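**Student:** no FASTA, just this:
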């Protein structure tokens, strides 16, 4: 009987260690990193810019692509697109936020994939274009 009790205590202890380790790993994996590009001028005509942003995570550098701009085709709007190009194991998405605080996100992409477009009505300056990345 004592032998069964010891086995149960050992099994429960090991289960607790595994669960604790899982919670710690999930917490670390869900941390998101964001880089913001703010524009306060240059909204008199349509434009687009391609840029690479750098994330420094625990001493390692990760790079992400972002295309952002201002469109005047039908409605004046700020947009972000083609966000991604991350290494395998990373995910990312882009966000555009106008001066009134309205924001939209692109779809989430994994690894080297690139996102679709997200746009908001241009309401003045500043406009923020963001890339968010995390590990999966």
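**Tutor:** Perfect, I can see it now. Keep in mind the model is a prediction, meaning the values are calculated, not measured. Residues are numbered from 1 along each chain as shown.

**Student:** show me the shaky parts of the protein.
**Tutor:** Across the chain, the ranges flagged by pLDDT under 70 are 1-29.

**Student:** nearest spatial neighbour of the most centrally placed residue in the chain, chain-adjacent residues omitted?
**Tutor:** The chain has residue 132 as the residue nearest its centroid, 2.1 Å off, counting by CA atoms, centre = their mean. Closest residue in space to residue 132, ignoring its immediate chain neighbours: residue 34 at 4.6 Å, by CB to CB, 6 or more residues apart in numbering. All C-beta spots, glycine's among them, are computed from the backbone N, C-alpha and C.

**Student:** now swap in residue 103 and tell me
**Tutor:** Excluding its sequence neighbours, the residue lying closest to residue 103 (CB to CB, 6+ apart) is residue 97, at 3.9 Å.

**Student:** where's the one you found relative to residue 122, distance?
**Tutor:** 12 Å (CB to CB, to the nearest Å).

**Student:** could you do residue 79 as well?
**Tutor:** 10 Å.

**Student:** neighbours of residue 87, how many?
**Tutor:** Residue 87 has 11 neighbours, counted by other CB atoms under 10 Å.

**Student:** and the residue nearest to residue 103, what is it in contact with?
**Tutor:** Residues near residue 97 by CB atoms under 8 Å, 6 or more residues apart in numbering: 103, 120, 127, 128, 130.

**Student:** the third one contacts residue 78, doesn't it?
**Tutor:** Which is residue 127. Yes: the criterion here is CB atoms under 8 Å, and residue 127 meets it with residue 78 at 4.7 Å.

**Student:** so what sits against both of those two?
**Tutor:** Residues touching both residue 127 and residue 78 by CB under 8 Å, 6+ apart: 70, 96, 98.

**Student:** can you show me the strands along the protein?
**Tutor:** Taking DSSP state E, the strands of the chain run over residues 32-39, 47-57, 60-71, 77-84, 90-97, 103-105, 109-110, 118-121, 127-135.
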